[in-house]
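Colleague: sequence plus the predicted model coming up.
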Amino acid sequence: MPDTRHLLDIDQLQDSDLEQLLARTLALADGARPAVVPQTVVNLFFEPSTRTRVSFELAARRLGMTVINIELDRSSSSKGESLEDTAATLAAMGVGAIIVRHPETGRCHRLAAGLPPGLRLLNAGDGSGHHPSQALLDLACLKRAGIDVRGRAIAIIGDVRHSRVARSGLGLFSRCGAAELRIAGPDSLMPEVLPQGVTRAASLDEAVRDADVIMMLRVQHERMDQQAWPDPASYHARWGLQTNHLALARPGCRVLHPGPINRGMEISSGVADGPQSLILEQVRMGVYARTAIFEWLFGQDGNPAP
Ligand code: ASP
């Protein structure tokens, strides 16, 4: 464990950290009282976000933390200040943690290497890299819905290539013993190299057949050239999850989507609002997962960090 804890990706977490974060998320969802963490945290989001930013903020407030949201177009980064200098400035003012979302893959890992001691960093999504808090909340959400991923078949469909959610989720689900991990989508949205242990299905039907969990992904237009943008109607016809597909999956199959959802593109309203959807439950669990993450980050978890 480094001197100052950061949450950069799922791989850095030891099994004991994972178990503890999951158990604490579920306990908080069941009404356990959050710790008191007298710290200040700053949201530094270089990409748009609704769910992630607001749920980190709500989680921090539940812990009694002071939260500051920096509007990047009104901050010194718009005057050319590097993220490293912004971080050092905030640390000098006594800020305890920064939550960073950045369009550049790997930016949080690079930043972590040069942070002042004592300033914690939470990766809230870096380009197509990692989104560890999303993977943790997805796992907790499934568990709370009665699905232990061990031995289960999980299908992830859509823009896997650009998805940090897919990358973090596949890593975590495989580590937790998922029996089958399948991905599917148009060629241009599939990863160049198939992650170990992951198979690629040729069609949506094939991907969802006998699946216990289906995760749908948004097409990340912001990470591709406009010429490569798929046409929404033809995309929906081929890769959009509709209620008839659910009949191919295992009974009790649950549907995840990290949001924001594009109805009529990767998912129909019938599925998104239907009884098998966990989409709003994911949002709800996000607050508990992020509360547990803050407690862990600041050592309020029975395993004190400096
Ligand atoms: N909200 C997720 C993310 O930040 C997924 C998405 O944007 O499509 O990666």
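Modeller: Everything's here; your move. Note that this is a predicted model, so its numbers are computed, not measured. Residues are numbered from 1 along each chain as shown.

Colleague: residue of this structure closest to the ligand, please.
Modeller: Going by Cβ to the nearest ligand atom, the ligand is nearest to R218 of the chain, at 3.7 Å. Every C-beta, even on glycine, is put in place using the N, C-alpha and C of the backbone.

Colleague: that residue against V160, yeah?
Modeller: No. Using Cβ atoms under 8 Å, R218 makes no contact with V160, being 11.3 Å away.

Colleague: look at the two and report which has more neighbours.
Modeller: Neighbours were counted for R218 and for V160 using other Cβ atoms under 10 Å; V160 has more, 25 against 19.

Colleague: distance from stretch 205-218 to the middle of the chain?
Modeller: A distance of 18 Å separates the centroid of the chain from that of stretch 205-218, by Cα atoms, centre = their mean, to the nearest Å.

Colleague: ok, now stretch 76-86?
Modeller: 26 Å.

Colleague: next one: stretch 31-38
Modeller: Stretch 31-38 sits 22 Å away from the centroid of its parent chain (Cα atoms, centre = their mean).

Colleague: and the contacts of it?
Modeller: With contact meaning Cβ atoms under 8 Å, 6 or more residues apart in numbering, stretch 31-38 is reached by 24, 28, 60, 62-65, 291, 294-295, 298, 300.

Colleague: ends of it, how far apart?
Modeller: 21 Å (Cα to Cα, to the nearest Å).

Colleague: could you do stretch 147-161 as well?
Modeller: Across stretch 147-161, first to last residue, Cα to Cα, it's 26 Å.

Colleague: now it: average pLDDT?
Modeller: Taken as a whole, stretch 147-161 has a mean pLDDT of 98.

Colleague: same thing with stretch 91-98?
Modeller: Mean predicted confidence for stretch 91-98 is 97.

Colleague: repeat that for stretch 291-298.
Modeller: The predicted model assigns stretch 291-298 a mean pLDDT of 97.

Colleague: hey, C-alpha coordinates of that stretch in CSV?
Modeller: Presented in CSV, the C-alpha positions along stretch 291-298 are these (Å, rounded to 0.1, in the frame of the first residue of the first chain):
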residue,chain,number,x,y,z
THR,A,291,-19.1,6.8,0.2
ALA,A,292,-17.3,3.6,0.9
ILE,A,293,-14.5,4.7,-1.4
PHE,A,294,-14.0,7.9,0.5
GLU,A,295,-13.9,6.1,3.8
TRP,A,296,-11.3,3.7,2.4
LEU,A,297,-9.3,6.5,0.9
PHE,A,298,-9.0,8.3,4.2
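
Colleague: could you give the number of residues near the residue lying closest to L63 once chain neighbours are set aside?
Modeller: Once flanking residues are discounted, L63 sits nearest to V37: 4.2 Å by Cβ to Cβ, 6 or more residues apart in numbering. Residues near V37, counting by other Cβ under 10 Å, number 21.

Colleague: looking at this, V37 is in a helix?
Modeller: No. Under DSSP: H, G, I helix; E, B strand; the rest coil, V37 falls outside any helix and is assigned coil.

Colleague: so how far is S277 from it?
Modeller: 33 Å (Cβ to Cβ, to the nearest Å).

Colleague: tell me where the stretch 201-306 of the chain has strands.
Modeller: Secondary structure of the stretch 201-306 of the chain (DSSP state E, counting those that start in this stretch): strands located at 213-216, 254-256.

Colleague: which one of these lies nearest to S55?
Modeller: strand 254-256 (15.8 Å; Cβ to Cβ).

Colleague: and that closest one, average pLDDT?
Modeller: Strand 254-256 comes out at a mean pLDDT of 98.
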